[in-house]
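J.: model this:
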Amino acid sequence: MSNRCLPESLRYIKRKQGALKWKKPSLKTNTCIKFRSNRNFWKSLRYNMPSVPSGKLHTIV
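T.: Numbering: from 1, shown residues only. Below you'll find the model as predicted:
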C-alpha cells in the first residue's frame, strides 16, 4: 500500500513504528458479539461528534 493513500496520522505512525497491521476478524467470533461491538462503535462516534444546529440540517433527496 502506498503511503500517499493514507491519512497523515497513519503515515506518522508508520514512519515511527514501521508497519501498520489491521486485525482480521476471527472465524470464532460470534456474529452477535460483532454486531454489538459495531453498534457500540457507531454509538460512541455519534456521542463524540459535535451537534448540528437544527437550521443547518439538510436532507439529500
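J.: Going by C-alpha atoms from here, please, whenever you check contacts or count neighbours.
T.: Noted.
J.: Where does pLDDT dip in the chain?
T.: Low-confidence segments of the chain (pLDDT under 70): 1-3, 20-37, 50, 52-61.
J.: how does it look with 80?
T.: For the chain, applying pLDDT under 80 flags the ranges 1-7, 9-11, 13-14, 17-61.
J.: Counting neighbours, what do you get for S51?
T.: By the criterion of other C-alpha atoms under 10 Å, S51 has 8 neighbours.
J.: so it, which of the three states?
T.: Put simply, S51 is coil when judged by DSSP: H, G, I helix; E, B strand; the rest coil.
J.: any idea how far it lies from L45?
T.: As judged by C-alpha to C-alpha, to the nearest Å, S51 and L45 stand 12 Å apart.
J.: Ok, L10 next?
T.: Counting by C-alpha to C-alpha, the gap from L10 to L45 is 19 Å.
J.: No further questions, thank you.
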